[in-house]
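Undergrad: sequence first, predicted model second:
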Amino acid sequence: MKFVDEFRDKTLVLDLAKEIRKISKKPVVLMEVCGGHTMAIRRFGISSLLPPHITLLSGPGCPVCVTSRGYIDQAVAYARRKDVIIATYGDLVRVPGSTSTLAGERADGADIRVVYSTLDAIEIAKHNPGKLLVFLGIGFETTTPSSAVAIKEAQKSGTGNFYLFSAHKMMPPAMAAIVDEGIRIDGYIGPGHVTTIAGADMYKKLVEKYGLAVVISGFEPVDMMQSIYMLVRQIEMNRPGVEIQYRRAVTAEGNLMARNLINEVFEPRDDWWRGLGILANSGLGIKPAFAQHDAEKQIKVEVEETIEPEGCICGEVLKGIRSPLECRLFGRICTPSSPVGACMVSNEGACQACYRFGG
Amino acid sequence: MCLSIPGKVTEIAGNMAKVSVGGSLVNVGLHLVDDVRVGDYVLVHTGFALQKISEEEALETLELIKELQDPDNDVPGHVL
């Protein structure tokens, strides 16, 4: 496949491994904050190609994993209403809420549809005018524009029964919070597709404030290895900055059309992240001009009290301070077919990646 | 969730395109990109094209790695 195969070239990967070993002298801790990178690192065995003093950590980059149980509980409450159809990306269906999951509600008769695109959700709303269609909008900068398009399309086409339940979040506040929490890292492997939309310039503040190295990376093994090389070079030369490795898709300013759409439909608000708690202006709520499509404003439900699962260390895994292997539930009580925490549900979650590909 | 896959645009009708991703044709919204033409490669995410992929930049990225092998070549960084 074009733009994939050439970035899986084994010779280039091994050349990069050699070059990294040549320039790397200091111990270095690098964190990735994208579920796609979590998966790629495990799947391609990237860590095994690096010298032992380079440590790779997974951060809060899996949207399903950082989403609160309270959000799932509220989605479950919507699903229990007989006049509601839930439309969602597949990842969310099996995420445990306090006492139920969307999959469990579906088994009990709730109308829950997995969609590929927000436009599919709009179509379902149009075909079911007597029902309220609630789309579960989760994800970072990559996914938020799709929700913005849906709200604009719903407004334009007069699809008054389309509602978005937003848990959209922005990456930079979480990347800053990791450092504020005292977690020692030297650099970030920057999220490629988040930055395709938001632009690499948004990390400049992280470099200025924390002196971190940041390299925006693609997702194939050559991409990952080249990004690690660039990070190590920045750190060894003591010249931290923002660099783009994933230049075939990422620019300094990002996708302006998509960014404008996000700004038109959403506004920043404080939001809760698993592991990091409430971060100021890290989430996105729907602007008042589009309130008629805001599920939180228009559809009232009683939500049960949130109960966090005992023994689950998802929050610490998401901060990179504990490995999934340190969790006493891992692989015994908590498995991909019977997950306790969100990090085991999503195929981008650190726990599931560790379970599938090894620690 | 942020997984995006490169695909080739084979047909455009209004705001929608047919994109060949690994041999399968998928319907993709063009609401987030302008100036996309048949034959272009785009990154597909949750049913939308996120960005046109630059072939020139892809080739340059690979070229930079080859240049690392040259001991006389001090590869410049791209610090913003």
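TA: The structure has been received and is ready for your questions.
Undergrad: any idea which residue is closest to the centre of chain B?
TA: B:I53 (2.2 Å; C-alpha atoms, centre = their mean).
Undergrad: who's in contact with it?
TA: Residues near B:I53 by C-beta atoms under 8 Å, 6 or more residues apart in numbering or on different chains: A:3, A:248-249, B:6, B:40-43. For glycine as for every other residue, the C-beta is placed from the backbone atoms N, C-alpha and C.
Undergrad: from A:I122, how far out is whatever residue of chain B ends up closest to chain A?
TA: Of all residues in chain B, the one sitting closest to chain A is B:G47 (2.5 Å; C-beta to the nearest C-beta). According to C-beta to C-beta, to the nearest Å, B:G47 stands 11 Å off from A:I122.
Undergrad: same deal with A:L132?
TA: 13 Å.
Undergrad: more crowded one of the two?
TA: A:I122 (22 against 19; other C-beta atoms under 10 Å in any protein chain shown).
Undergrad: tell me which residues touch the closest residue to A:Y163 other than its chain neighbours, please.
TA: Once flanking residues are discounted, A:Y163 sits nearest to A:A295: 3.9 Å by C-beta to C-beta, 6 or more residues apart in numbering or on different chains. Applying C-beta under 8 Å, 6+ apart to A:A295 gives the contacts A:78, A:134, A:163-166.
Undergrad: show me the shaky parts of the chain.
TA: With no chain named, the answer covers chain A. Across chain A, the ranges flagged by pLDDT under 70 are A:359.
Undergrad: could you do chain B instead?
TA: For chain B, applying pLDDT under 70 flags the ranges B:1-2, B:70-80.
Undergrad: what segments of it are strands?
TA: Using DSSP state E, the strands found in chain B span residues B:5-13, B:16-21, B:24-29, B:41-45, B:48-52.
Undergrad: for whatever residue of the stretch 51-200 of chain A ends up closest to chain B, phi and psi?
TA: Among all residues of the stretch 51-200 of chain A, A:S117 sits closest to chain B, at 2.5 Å; criterion: C-beta to the nearest C-beta. Reported as degrees, to the nearest 10, the phi and psi values for A:S117 are phi -140, psi 150.
Undergrad: how about the residue of chain B closest to chain A, nearest residue that isn't a chain neighbour?
TA: That would be A:S117: by C-beta to C-beta, 6+ apart, it lies 2.5 Å from B:G47.
Undergrad: so what's that neighbour up against?
TA: Neighbouring residues of A:S117 by C-beta under 8 Å, 6+ apart: A:146, B:27, B:29, B:46-48.
Undergrad: among these, which one lies nearest to A:R356?
TA: A:R356 lies nearest to B:T46 out of the contacts of A:S117, by C-beta to C-beta, at 22.7 Å.
Undergrad: count the residues that sit near the closest one.
TA: Other residues close to B:T46 by other C-beta under 10 Å number 24.
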